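K.L.:
3D, please:
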Amino acid sequence: MNSQSENYNEQLNLAENLINQQEEDQSNRDKFSRLTKEEIIEAAESLIQTADVKSAYENLLLLKEIYEKHSADEKPAQIQEWIAAGNDPKDFVPSNDELKSKLHDIFNRFHKLREEEKKRAEEEKLANLKEKQAILVKIKALVDTEETENTLAELRELMRSWKEVRTIPKEYHDALASEYRLLIEKYYDNLSIFNELKDLDREKNLEIKIELIKKVEALKEEGSMRKAIVTLNKYHEDWKNAGPVRREISEEIWTRFKAASDLIIDRIKQQRAELDAKRQVNLEKKLLLVEKSETAITALPETTSDWQKLGKELDSYFEEWKKIGPVPSQNNEEIWARFQGVRNTYYTARKNYFKDLNKNKADNLKLKEALCEKAEALKDSEEFMKTSDKLKELQEQWKKIGPVPDEHNQPIWNRFRAAFDHFFERRNAFFDERKKQESGAVQAREAIITLLQELSIEGAEISFEKLKNIQNDWNNAGFVSGKRFHSLNNKYQKIIDPLFQKLREENKQDRVKNVKNYVEGMKNSADGQSKLKFEERKLRDLIKKIEDEISTIDNNKSFFQLSKNADSVLKQFDEKIRKLQDQKERLLAELNVYKQSKS
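P.N.:
Numbers count the residues shown, from 1 in each chain. Next up, the predicted model:
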């Protein structure tokens, strides 16, 4: 049972973590939002000495966030006052914010106090650890000594002392608790002469644990979940320190205690899940506002009126932001940093805009005139695909150039746009015409494929000259684009390649037949055998020469594999090798005729 109680710590820790992860209630956020900047500083000062350091830090972050929102809200009015006083907006410099310096100082002091508190807490935990270790040594001595009338009273006093010593370093907690439990149980198991006292003591322990069960059951009425989990942790610590009860009811009493605890933990988990769901929805709403804001400043304005319009748009997003509740704590700083970052980017860019408004307009005009000249030089180009890419590059360059003097703004844009319109009208007309021509080219190629299919029929009359003419017709049939061309070309190649192969075979057979007749005539002539040997030697020399040439080309291929036009060059090499192989096969067939003439 006690072992189960120790394992149950994980459930308690989980519930406590869920509570600790919660930020301040929305009521706190609403309360702080109503404070002036001076009142925010006072509230921050009051948090310095707060005992609950974690809660104080969360409230400090919330106060800082609201202070920054106040500052952002005040900035447009400050700029207007600056302009109203006759100043140039480009020279605006925010006034020194002494309150912000105070807030920064409070944060520094708080961090220092936090470090001191953490150090003191760690020292206290180590002192408590030593004290509990000393108590264990004394309990072990009691367990190992002979029983007397005073040993049980001494043990009870040590148990009371153990209970009074509170927090120790977490990494030692389970080991010390386990050793304490084993020593207490061992002591009670060894009691022999004081059985009556032992039973009485276990009955008292039972009364303590029953009372703890009642207290835990009462916690379900507690409104504050933070208070409930802290109290529940205390009751579990008291349970561990209460000592053993009779073995026959040990499991039952623990089960009742655990069941009451589970109700509290389940309630905490349920509330946390509901709160997480609401905060996740809030996160999605705020993320949408961030994305809208980021999109709004993607292309910064080029006129004063557009800057004002953009400022009003961002202010409207800010008003929506303030109406949305809190987001998950792990996302709070990041999402606010993104949103505030957009606003900072806007104010910085607007300040720079007014500062440089007139400074670079003349230079910008020259840059845009140069782009107009480049666009006009390209507007009559026939290389439509490449020129389209170049004009897009000019557009990107144009976007990066700032404003020009107002009197030149529309004329320079009209000039730039006119070059684009001229080119793209020509390009569209070209592709429309090519599309019409393509329809005729498809029909012409399909007719060629039909003709080749007819020539593939057995008995059809074909010749190299006829196939060469068909090849010329195919190459001059007109443009066909994309997949349609590949489909037609595959059909064409599958038919014409076998026809050429057929003619080559027939030609090869005719050549062999002619060679046979030539050899027969030579055999019957004067000095025929000598002539045959001479011809055979010539054929062998030719074959050897072809083989050497093929080998040389193969070696040369390796030098061009990494060159810029490797594919084109390698195709030429492969085609030359193919022709040499065909020639070699023809010569081998002739050589075979000479060999057979000897038999």
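
K.L.:
What segments of the stretch 201-350 of the chain are helices?
P.N.:
Ranges of helices within the stretch 201-350 of the chain are 225-241, 247-296, 304-323, 329-356, based on DSSP state H, counting those that start in this stretch.

K.L.:
by contact count, what packs against the third one?
P.N.:
For helix 304-323, the elements it packs on are helix 53-84, helix 247-296, helix 329-356, judged by 3 or more C-beta pairs under 8 Å, 6 or more residues apart in numbering; DSSP states H and E. (C-beta placed from N, C-alpha, C; glycine too.)

K.L.:
Now with 6 Å, please.
P.N.:
helix 247-296 (3 or more C-beta pairs under 6 Å, 6 or more residues apart in numbering; DSSP states H and E).

K.L.:
ok and the helix it packs on relative to helix 304-323, angle-wise?
P.N.:
Inter-element angle recorded for helix 247-296 and helix 304-323: 170 degrees (by axes from the mean of the first three to the mean of the last three C-alpha atoms, to 10 degrees).

K.L.:
Centre of the chain to stretch 214-231, how far?
P.N.:
Chain-centre distance of stretch 214-231: 43 Å, with C-alpha atoms, centre = their mean, to the nearest Å.

K.L.:
Please renumber the chain so that the first residue is 775 from this point on.
P.N.:
OK, 775 is where the count begins now, so the last one is stretch 988-1005.

K.L.:
Quick one: mean pLDDT over it.
P.N.:
In this model, stretch 988-1005 carries a mean pLDDT of 81.

K.L.:
Where does the prediction get shaky in the stretch 1075-1224 of the chain?
P.N.:
The model of the stretch 1075-1224 of the chain has pLDDT under 70 over residues 1129-1133, 1211-1213.

K.L.:
repeat that for 50
P.N.:
Along the stretch 1075-1224 of the chain, no part satisfies pLDDT under 50.

K.L.:
ok, now the chain?
P.N.:
775-778, 780-781, 792-800, 967.

K.L.:
So it: which segments form each domain?
P.N.:
Domain ranges of the chain: 776-996+1008-1029, 1135-1211, per automatic domain parsing.

K.L.:
would you turn the ones you listed into TSV with mean neighbour count and distance to Ala1221?
P.N.:
Shown next, in TSV, are the domains of the chain (neighbours: other C-beta atoms under 10 Å; distance: least, C-beta to C-beta, whole Å):
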stretch	mean neighbour count	distance to Ala1221
domain 776-996+1008-1029	14	73
domain 1135-1211	14	16
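
K.L.:
Ser1325 is nearest to which of the ones you listed?
P.N.:
Of all the domains of the chain, the one in closest proximity to Ser1325, counting by C-beta to C-beta, is domain 1135-1211 (41.5 Å).

K.L.:
possible to save the domains of the chain as CSV with distance to Tyr1091?
P.N.:
CSV is the format used below for these (distance: least, C-beta to C-beta, whole Å):
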stretch, distance to Tyr1091
domain 776-996+1008-1029, 12
domain 1135-1211, 24
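
K.L.:
which one is Ala1136 nearest to, not counting chain neighbours?
P.N.:
In space, and not counting its chain neighbours, Ala1136 is closest to Pro1179: 7.0 Å by C-beta to C-beta, 6 or more residues apart in numbering.

K.L.:
what do you get for Val1178?
P.N.:
Counting by C-beta to C-beta, 6+ apart, Leu1139 is the residue found nearest to Val1178 once chain neighbours are left out, at 4.2 Å.

K.L.:
Of all the domains of the chain, which one is nearest Lys1319?
P.N.:
Closest among the domains of the chain, using C-beta to C-beta: domain 1135-1211, at 45.7 Å.

K.L.:
Counting neighbours, what do you get for Arg1112?
P.N.:
Counted with other C-beta atoms under 10 Å, residues neighbouring Arg1112 total 16.

K.L.:
How about Val1343?
P.N.:
For Val1343, the neighbour count with other C-beta under 10 Å is 16.

K.L.:
With Arg1020 as the reference, measure out to it.
P.N.:
Between Val1343 and Arg1020 the distance is 97 Å, computed by C-beta to C-beta, to the nearest Å.

K.L.:
Same question for His1260.
P.N.:
Distance, His1260 to Arg1020, by C-beta to C-beta: 90 Å.

K.L.:
How about Leu1313?
P.N.:
In terms of C-beta to C-beta, Leu1313 sits 115 Å off from Arg1020.

K.L.:
returning to that earlier point: for Ser869, which of the helices of the stretch 975-1124 of the chain is the nearest?
P.N.:
Using C-beta to C-beta, the helices of the stretch 975-1124 of the chain put helix 1103-1130 closest to Ser869, at 14.6 Å.

K.L.:
Name the next helix or strand downstream of the closest one, please.
P.N.:
helix 1135-1152 (DSSP states H and E).

K.L.:
quick one, whichever helix or strand comes after that following helix and helix 1135-1152 angle?
P.N.:
Remark: after helix 1135-1152, the chain's next helix or strand is helix 1158-1174, criterion DSSP H and E. Put simply, helix 1158-1174 runs at 170 degrees to helix 1135-1152, going by the same axes, to 10 degrees.

K.L.:
No further questions, thank you.
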